[in-house]
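> Sequence first, predicted model second:
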Amino acid sequence: MTENLPHGLPGPLPKGERLLWQDRPAYVSLARRAFHVDLVALYFGGFAAFQAVSAGRVAAAWPVLLAGALALAILLALAWGACRTTVYSLTDRRLMLRIGIALQMDINLPLREIEGAGFHRFADGSGDLPLRLKPGVRLAYLHLWPHARPWRLTRPEPMLRCVPDADGVAKRIAAALAEANGQPVQALPPAPAASPALPGRLAAAGH
């Protein structure tokens with residue numbers, strides 16, 4: 001449990017409820033996977049090279065490089081803001097997401113309302129954990145983004161995004177969900193290029 005996140009909860013926990021884990025997204029991972037800074041840098045770099053070759057002089061690439069640097073600065077600032085204002089918390093009764101750069105929101109997800117959970121681990125050890133809610137439990141995709149599983153628009157899935165030590169967090173959530181529901185949690189369909197599923201608990205989640 002992270003000790004330096006005292007403001008991650010909307011208030012004191014009810015008597016008997018235990019905080020099991022708390023953390024925020026990994027900044028570099030969030031910038032790359034949610035705000036796609038790698039792709040933006042590649043796009044402007046390629047465009048700058050094309051401009052330089054077409055004009056026959058390197059100076060022709062400078063306006064494109066400056067525009068690319070500005071775009072990356074904006075995206076990195078947004079990623080930093082999203083990281084610093086986000087706290088994910090797991091108790092033995094619920095998952096809580098404190099999100100929002102300009103307008104802070106607290107989303108409470110009782111563990112008994114979560115139908116299934118997914119797990120996608122990245123090479124740096126961080127990972128995404130999308131949560132499929134039971135029918136009738138609805139959240140707006142735009143309210144969740146970037147803490148939502150991509151392209152699940154008709155039935156949005158909240159997602160713990162780019163959490164450090166994804167393997168350890170996945171095991172904690174799997175155990176809490178299984179205990180709350182009294183049985184193994186229904187797995188999400190596996191997807192290519194995702195990490196192995198935790199048997200009977202969490203399945204690989206693709207993007």
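On my side now, so go ahead. Model, not experiment: these values are computed from the prediction.

> Tell me how many other residues crowd Ala170.
By other C-beta atoms under 10 Å, 24 other residues sit near Ala170. Bear in mind the C-beta positions are built from the backbone N, C-alpha and C, glycine included.

> so it sits right up against His120, yeah?
No. Using C-beta atoms under 8 Å, Ala170 makes no contact with His120, being 9.6 Å away.

> Now do the shared contacts for the two.
Gly127, Leu129 (C-beta atoms under 8 Å, 6 or more residues apart in numbering).

> So the residue positioned nearest the centre of the chain, which state does it fall into?
Closest to where the C-alpha atoms of the chain average out (C-alpha atoms, centre = their mean) is Arg161, at 1.2 Å. At Arg161 the chain is in strand, as set by DSSP: H, G, I helix; E, B strand; the rest coil.

> Equivalent analysis for Leu97, please.
Assignment for Leu97 (three-state DSSP): strand.

> residues in contact with it?
Counting by C-beta under 8 Å, 6+ apart, Leu97 makes contact with Thr86, Val87, Tyr88, Ser89, Met105, Asp106, Ile107, Leu109, His147, Pro158, Leu160.

> For the helix or strand hosting Gly118, give the mean pLDDT please.
Per DSSP states H and E: Gly118 is located in strand 114-121. Here strand 114-121 scores 87 as its mean pLDDT.

> can you check stretch 84-95 too?
pLDDT averaged over stretch 84-95 gives 93.

> now swap in stretch 19-30 and tell me
Mean predicted confidence for stretch 19-30 is 94.

> which residues are in contact with it?
1-2, 5, 8-9, 13, 79-80, 82-84, 86-92, 122, 124, 126, 146, 161-164, 169, 172-173, 176.

> What subset of the residues you listed is buried?
Applying 16 or more other C-beta atoms under 10 Å to the contacts of stretch 19-30, the neighbour count classes 8-9, 13, 79, 82-83, 86-91, 126, 146, 161-164, 169, 173, 176 as buried.

> Now intersect the residues you listed with the helices, please.
Mapping the buried ones among the contacts of stretch 19-30 onto helices (DSSP state H) picks out Ala79, Ala82, Cys83, Val169, Ile173, Ala176.

> and the residues you listed as JSON lines, adding distance to Leu66?
Supplementary listing: those in JSON lines, determined by distance: C-beta to C-beta, whole Å:
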{"residue": "Ala79", "distance to Leu66": "20"}
{"residue": "Ala82", "distance to Leu66": "25"}
{"residue": "Cys83", "distance to Leu66": "26"}
{"residue": "Val169", "distance to Leu66": "39"}
{"residue": "Ile173", "distance to Leu66": "44"}
{"residue": "Ala176", "distance to Leu66": "48"}
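
> Between all of those, which two are separated the most?
Maximum pairwise distance in those, criterion C-beta to C-beta, is 28.1 Å, between Ala79 and Ala176.

> For the residue nearest to Met105 when sequence neighbours are not counted, give me its contacts.
Spatial nearest neighbour of Met105, chain neighbours left out: Ile99 (5.5 Å); criterion: C-beta to C-beta, 6 or more residues apart in numbering. By C-beta under 8 Å, 6+ apart, the residues touching Ile99 are Ala82, Thr85, Thr86, Met105, Ile107, Leu144, His147.
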